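A.B. asks: Got a predicted model here, sequence first, then my questions.
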Amino acid sequence: MTACGQNKNGSALAGRNIQTLYNHKIMKKLYLLAILLTSLMIVGCGGGTKVTGTVKYSDGTPFTEGDIVFDNEATNVIGYMDSQGHFALFQAKPGDRVPPGTYRGTIVPRIGVVVPRKYTSTATSGLEIVVEPGKPLHLDIVMEDDPPGTPPLSGMLLEL
């Protein structure tokens, strides 16, 4: 480097400083764009709703050995039962909110657990919810007994 501010190739340091400043401005714009896109994704994903509830048998006993699943044309959501029959629906991972829409549901028992037959199909369960953006929803589902003479149906899903 010479005393006049030039490197050995003869280019001025001012050119390097301009390039550094230009790169800094581009990086700053990319950083702001990333923050904006992240904010939009958070706000967009926040349009979902928290959906919770309980499932019980007709005698008041909590349904604890299975899951509840709601679906529509676009997606499905699931809720895992806890030891008291409570659930919180989610889409991809627990804690997710449920996207707006109309959903039809089923009860999915674990192997060997008996549930009323009608709740094992969306066509017969009668479980339907309408999820509106930002409006929390709580469901209290009481499974009605099968009519007399209906053969019992137990869960047939394999647990991994």
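C.D. replies: Here it is on my side, so go on. Numbers count the residues shown, from 1 in each chain.
A.B. asks: From now on I want contacts and neighbour counts done on CA atoms only, so please keep to that.
C.D. replies: Noted.
A.B. asks: what's the spacing between the nearest residue to Asp82 once chain neighbours are set aside and Tyr57?
C.D. replies: Leaving aside its chain neighbours, Asp82 sits nearest to Thr64 (5.8 Å; criterion: CA to CA, 6 or more residues apart in numbering). Distance, Thr64 to Tyr57, using CA to CA, to the nearest Å: 10 Å.
A.B. asks: do the same with Gln84
C.D. replies: Computed as CA to CA, the Gln84 to Tyr57 distance reads 12 Å.
A.B. asks: Please apply the same query to Thr102.
C.D. replies: Using CA to CA, we find Thr102 at a distance of 25 Å from Tyr57.
A.B. asks: Show me where this structure dips below the pLDDT cut-off.
C.D. replies: Confidence mapping of the chain against pLDDT under 70 gives the ranges 1-47, 152-160.
A.B. asks: now the helices for it?
C.D. replies: Here the chain has its helices, by DSSP state H, at 13-45, 122-125.
A.B. asks: Give the full set of residues in contact with Thr102.
C.D. replies: Applying CA atoms under 8 Å, 6 or more residues apart in numbering to Thr102 gives the contacts Asn72, Glu128, Ile129, Val130, Val131.
A.B. asks: So the second one is in contact with Arg104, correct?
C.D. replies: Pointing back at Glu128 there. Yes - between Glu128 and Arg104 there is a contact at 4.4 Å, judged by CA atoms under 8 Å.
A.B. asks: Neighbour count for these two, which is higher?
C.D. replies: Neighbour count, other CA atoms under 10 Å: between Glu128 and Arg104, Arg104 has more, with 19 against 14.
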